[in-house]
Each structure stands twice: as structure tokens, then as C-alpha cells.
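**Q** please find the sequence and the predicted model below.
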Amino acid sequence: MKRNTSSSVLLFILLYSLNVIKAQAEQVSVFEQEQAQQIANQIIVQKSLSDEKLENVNIDTEDLISRGYDAWANLEFYKAADYFKKAQMLEPYNSEISTLIYKVEQARITFERKKIELQQRIIQDERMLETDKAWLTDNPATKSVGLLQDNAARKSH
């Protein structure tokens, strides 16, 4: 009976150890998968930066975000968004980067709207200028009023 009990205890210990080892192996496997995914994302970013100089091969998230801000400051919204998206590939769970992507898109939309409004104002002002010029030069009554004012100014001197 003692032998049976010790065999059962030994079997239990072996099964428990096996489960612990299996759980540790799964954790290592998940860690290795995450690490492999991060390396893959870095390679994707590096390949997408192929137009960059060779000295910038080891680019990190902070550099990409900084470049995104620089592009944004120069009103290069698509380029800024690309840099932020590349940074997001390196840190997919960083909510600040997602916010930056959203904000740069909103800034692009606002800029485009204001640009269109200004273009429309310029067109309106040009039309008004053309109308004013045409009215001043083609209206004989205006010309005679201008001549009368000129004559009155000459007589007063």
C-alpha cells in the first residue's frame, strides 16, 4: 500500500511538473511570437524607409514621431501621417500615436477647407475688381462725373 501511495504521489508530482513546464513553454512561445512580430514590424518599417539614407537604418519610434511632427509643421500632412503610421507599426498599442494620426488627418481636412475658402474669396475679389474696372471705364456718366470733379479742382487752384 505504501508503494502504491508513493507511486501515486510521484505520478501526481510528475503530472504537476509536466503542466508547469507546459505552461512555461506556452509563455515562452507567446513571448517569442511577440518578439518575432516586433522584429517583423521593424523590418517592414525599415523597408518602407528605403528612400532614407543608410545611416538611418536603425530608426526608432521617437525618430519617426519627430519626423512626423516636422512634416506636419511643413504642412506635409500625408508624409506626417505616413511617419506616424510607421511609428505605430513599431508600437501598435501606443494610443498616443493613434491620436497623432487622427489629429494630423483632422488638421489636413481643416487646412484643405480653409485653402478652398481662400481660393473662393480670391476668385470673388478678382471678379469684383474686374466688375469695378469695367464699370469705371465703360460707364460714360462716371467719366463725366470724373471730368467735372477734375475741372472743379482746377478752378479752385
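**A** All right, it came through fine.
**Q** could you tell me which residues make contact with A107?
**A** With contact taken as Cβ atoms under 8 Å, 6 or more residues apart in numbering, A107 is in contact with W72, F77. (C-beta placed from N, C-alpha, C; glycine too.)
**Q** whoops, I mixed them up, A87
**A** With Cβ under 8 Å, 6+ apart, A87 has these contacts: T61, L64, I65, G68, N94, I97.
**Q** mind listing what the residue nearest to the fifth one when sequence neighbours are not counted touches?
**A** For N94, the nearest residue in space outside its immediate sequence neighbours is Q88; the separation is 6.8 Å by Cβ to Cβ, 6 or more residues apart in numbering. Taking Cβ under 8 Å, 6+ apart as the criterion, Q88 is in contact with N94, I97, S98, I101.
**Q** average pLDDT across the helix or strand hosting the third one?
**A** Here S98 is covered by helix 95-138, with elements defined by DSSP states H and E. Along helix 95-138, the predicted confidence averages to a pLDDT of 89.
**Q** can we start the residue count at 12 from this point?
**A** New numbering, starting at 12: the last item is helix 106-149.
**Q** hmm, T72 and E102 touching each other?
**A** Yes. Using Cβ atoms under 8 Å, E102 makes contact with T72 at a distance of 5.3 Å.
**Q** overlap of the contact sets of the two?
**A** Once Cβ under 8 Å, 6+ apart is applied, the residues that E102 and T72 both contact turn out to be I108.
**Q** for stretch 91-109, buried residues please.
**A** Residues 91-102, 108 are the ones in stretch 91-109 that count as buried (16 or more other Cβ atoms under 10 Å).
**Q** ends of that stretch, how far apart?
**A** Taking Cα to Cα, to the nearest Å as the measure, stretch 91-109 stretches 13 Å from start to finish.
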